[in-house]
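> sequence and predicted model, in that order:
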Amino acid sequence: MEIRLSDLRDKQVTTVSGERLGYISNVILDSASGKLKTLVIASDGDIPEGYELNSENMLNIPFETVRSVKDMVMVKI
């Protein structure tokens, strides 16, 4: 399955347990490998334990936590 980066922008992000985290604002790619590294989320919910907002009030979630990309993005954190 192929997904365009533009398809991820503004997509809602929730945890597998149903907690709403916010919407994808941006993504960070590893320039050497080209792999997705981080989802940058405009947070509008509770901040998960072990995470914090960056200086721009965005939540950075490692891409390897992504479990599903459909109408929304589901992460396991």
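Looks like it arrived, so ask away.
> quick one: residue 51 is in a helix?
No. Using DSSP: H, G, I helix; E, B strand; the rest coil, the assignment for residue 51 is coil, not a helix.
> test my guess that it contacts residue 62.
No. Judged on Cβ atoms under 8 Å, residue 51 makes no contact with residue 62 at a distance of 9.9 Å. Any C-beta I mention is one placed from the backbone N, CA and C, and that applies to glycine too.
> does the closest residue to residue 25 other than its chain neighbours belong to a helix, a strand or coil?
Nearest residue to residue 25 in three dimensions, chain neighbours excluded: residue 42, at 4.5 Å (Cβ to Cβ, 6 or more residues apart in numbering). Following three-state DSSP, residue 42 is assigned to strand.
> hmm, residue 42 is touching residue 56, no?
No. Counting by Cβ under 8 Å, residue 42 stays clear of residue 56, with 9.3 Å between them.
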